[in-house]
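[1] Compute the structure for the input listed below.
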Amino acid sequence: MTTNVLDEFVKYLGERHFNAADLLSKLNSVPRHNGEKTLRDLWEASDISANDFAEDVAQFYRVPRVGLPQLIAAPTLAPQFSRRFLRETLVFPYQGADGSCRLVLADPTDVAAVRAAEIVLGRPVEVEVGSYEDIATVLARRLGEDDEAAPDGDEATSTRADDDVESLRDLASGAPVVRAVNDLLERAMELRATDIHIEPFRTGLVVRMRVDGLLRAIPTPAGVLPAALISRIKILAGLNIAERRLPQDGAARVRVARSEFDVRVATMPTQHGESAVIRLLPRDRGLLEIGKLGLLPHDEALLRKLLLLPHGMIVVTGPTGSGKTTTLATMMSILNESTRKILTIEDPVEYEIHGVNQSQVKPSIGLTFSNALRSFLRHDPDVIMVGEIRDAETANIAIHAALTGHLVLTTLHTETAAAAVPRLLDLGVEGFLLKSTLRAVIAQRLVRLLCERCRVEKKLTAADLAADPRYGMLGFRPGESVCEPAGCERCGGTGYRGRSGVFECLEMTEPVRKLIGANTDTGMVEEAAVKAGMTTMIEDAVAKCRAGVTSAAEVLRVTTVR
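    Modelled structure (predicted):
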């Protein structure tokens, strides 16, 4: 419901019952997840009885009012609907004396419920107003009667479940729901979002999109039931819409405007329904150019040199969402030549690269990282990519693959590049094997880039350094120039547009190798690597900040001053 119409109704109630400002204050104090105010919120915030409130609604919106005796006597159309739909939306469908289809609601502005009823009945419905209590009472009586008349046991349960699924499938295939999902995908493309989060709460549906690494709330699709929206997404990804108790994962390829996307869909049952996350993967292979990763010139030269090695292991580290998969995919695109056979085992396959044999883990049937990696060695590969080393078995097989003449690319969850060495030792890899096989560790994070159109350059003063200690923490001095975010239409008012990596590339030089052993210390490894010429991640980030690429606040958001 639009705020203007609701405010007018609040004034109307104020004239009839009490002070409108007090009622509006109560309404605004009720917590909401999606910001939408409804008539039910208003009724619950007020002290008006259900019957009086229904009378006020009917008069204000000029919709016919029906009472409980009429509802009990009316010939019901409820059997044509899902019980869950009727109870969740609190509507009662019945057939009028003239043969028309009528829908009784407590909230006549609930466009989603009206559209859903028209889809199920296959014809227009006439809307009438009943009180929340009357509708709940007649539904309890009518659905209770149906329960008594229905067969007992598993057969009855199965029939009701089938009815629910078919009703949901019909709703999900309707034009309003299909259009709502398409609008979400188009909006995500416009914002350059990587993920769409659809989350049900008691007060309604919340939709957020991850743009440049941070979630941003967007308006919820109007006139669409949450269950129907989730069902449409599940149908799109080839998931089972009847299964609402367990998490599911699926994939699809969709066309949005003139662009084609691979999408990964994950659903999860929550307290108020199913939530879904849609990951969008543009099929733009331009993303896999090494120049777009954000490496400093000497780090890019080091990576190119490492990819010329015939065997050994290169590890990429960082938390979830730090761009490790994109870095690995870029490395594979450089190695992808007709003279090499490349095998990958991933979870999931996010970038499809022509010429690379890619597999996805399926633990339910025993296809794990370790089992796939063991099988790979019998397929005569030149390069092996393991999506992630999670356990000792996978770590040891990867090390032996690197030892027997294969170039192994993989990821590991550690904070820094130096921390990867003790982590691999902790997973049971022998020190002498690690010395022989590990060639380099690349740690990375993603920082947001300042919008080139609206960024503001300023020269730091002593007052600036005193007011904002972040500049001092990063080693800035008075007189140095920095850029800060401003916000414009192009960047959505955030001041940032796009992301780039910040890296530290630890090459296994001889001084570093000598430190590998039972008592390997992260600090000692990092100190030796820095002496050998490694640029730390914070140094890389500060260099980008000085170049006006990102801001000091963004540097400290994703990196740690050590």
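[2] Can you identify the element that follows the helix or strand of the chain with the lowest mean pLDDT toward the C-terminus?
    Taking mean pLDDT, DSSP states H and E as the measure, the chain has helix 153-173 as its least confident helix or strand, at a mean of 53. Note on helix 153-173: by DSSP states H and E, the next helix or strand toward the C-terminus is helix 175-191.
[3] Using PDB, write down the CA coordinates of that next one.
    The C-alpha atoms that make up helix 175-191 are tabulated as PDB, following Å, rounded to 0.1, in the frame of the first residue of the first chain:
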ATOM      1  CA  ALA A 175       2.300 -13.400 -15.600                       C
ATOM      2  CA  PRO A 176       2.700 -11.200 -12.400                       C
ATOM      3  CA  VAL A 177       5.200 -13.500 -10.800                       C
ATOM      4  CA  VAL A 178       7.100 -14.200 -14.000                       C
ATOM      5  CA  ARG A 179       7.300 -10.400 -14.600                       C
ATOM      6  CA  ALA A 180       8.400  -9.800 -11.000                       C
ATOM      7  CA  VAL A 181      11.400 -12.300 -11.300                       C
ATOM      8  CA  ASN A 182      12.400 -10.800 -14.600                       C
ATOM      9  CA  ASP A 183      12.300  -7.300 -13.100                       C
ATOM     10  CA  LEU A 184      14.500  -8.400 -10.300                       C
ATOM     11  CA  LEU A 185      17.100  -9.900 -12.700                       C
ATOM     12  CA  GLU A 186      17.000  -6.700 -14.800                       C
ATOM     13  CA  ARG A 187      17.400  -4.600 -11.700                       C
ATOM     14  CA  ALA A 188      20.400  -6.700 -10.700                       C
ATOM     15  CA  MET A 189      22.000  -6.300 -14.100                       C
ATOM     16  CA  GLU A 190      21.500  -2.500 -13.900                       C
ATOM     17  CA  LEU A 191      23.200  -2.300 -10.500                       C
END
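[4] Parallel or antiparallel, list what pairs with the helix or strand following it.
    Past helix 175-191, further along toward the C-terminus, the next helix or strand under DSSP H and E is strand 193-201. Counting by DSSP bridges, the strands paired with strand 193-201 are strand 204-211 (antiparallel), strand 273-282 (antiparallel).
[5] contacts for the first one?
    In other words, strand 204-211. Contact partners of strand 204-211, identified using Cβ atoms under 8 Å, 6 or more residues apart in numbering, comprise 32-34, 36, 38, 184, 187-188, 191-200, 215-221, 226, 229, 492, 494. Every C-beta, even on glycine, is put in place using the N, C-alpha and C of the backbone.
[6] Just the buried ones among those residues, please.
    Applying a neighbour-count criterion of 16 or more other Cβ atoms under 10 Å, the buried members of the contacts of strand 204-211 are 32-34, 36, 38, 184, 187-188, 191, 193-200, 218, 220-221, 226, 229, 492, 494.
[7] what residue ranges in the stretch 251-400 of the chain score low on pLDDT?
    Residues of the stretch 251-400 of the chain that meet the criterion pLDDT under 70 lie in 283-287.
[8] how about the helices of it, start to end?
    For the stretch 251-400 of the chain, helices defined by DSSP state H, counting those that start in this stretch occupy the ranges 297-306, 324-335, 369-376, 392-403.
[9] can I get those in a markdown table with mean neighbour count and distance to Val256?
    Formatted as a markdown table, the helices of the stretch 251-400 of the chain follow (neighbours: other Cβ atoms under 10 Å; distance: least, Cβ to Cβ, whole Å):
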| stretch | mean neighbour count | distance to Val256 |
| --- | --- | --- |
| helix 297-306 | 15 | 33 |
| helix 324-335 | 21 | 21 |
| helix 369-376 | 20 | 32 |
| helix 392-403 | 21 | 36 |
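[10] So which of those is nearest Ser131?
    With respect to Ser131, and counting by Cβ to Cβ, the nearest of these is helix 324-335 at 54.3 Å.
[11] elements contacting that closest one?
    If you count contacts as 3 or more Cβ pairs under 8 Å, 6 or more residues apart in numbering; DSSP states H and E, helix 324-335 packs onto strand 312-317, strand 342-346, strand 383-386, strand 407-412, strand 438-450.
[12] same thing but 7 Å
    Helix 324-335 is packed against strand 312-317, strand 383-386, strand 407-412, strand 438-450, with contacts defined by 3 or more Cβ pairs under 7 Å, 6 or more residues apart in numbering; DSSP states H and E.
[13] Distance to Val178 for those strands - can I get that in TSV?
    Listed next are the helices and strands packed on helix 324-335 as TSV, based on distance: least, Cβ to Cβ, whole Å:
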stretch	distance to Val178
strand 312-317	39
strand 383-386	37
strand 407-412	37
strand 438-450	33
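[14] could I get those as CSV with distance to Val66 and mean neighbour count?
    Listed next are these as CSV, based on distance: least, Cβ to Cβ, whole Å; neighbours: other Cβ atoms under 10 Å:
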stretch, distance to Val66, mean neighbour count
strand 312-317, 65, 24
strand 383-386, 65, 25
strand 407-412, 62, 24
strand 438-450, 55, 24
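[15] No further questions, thank you.
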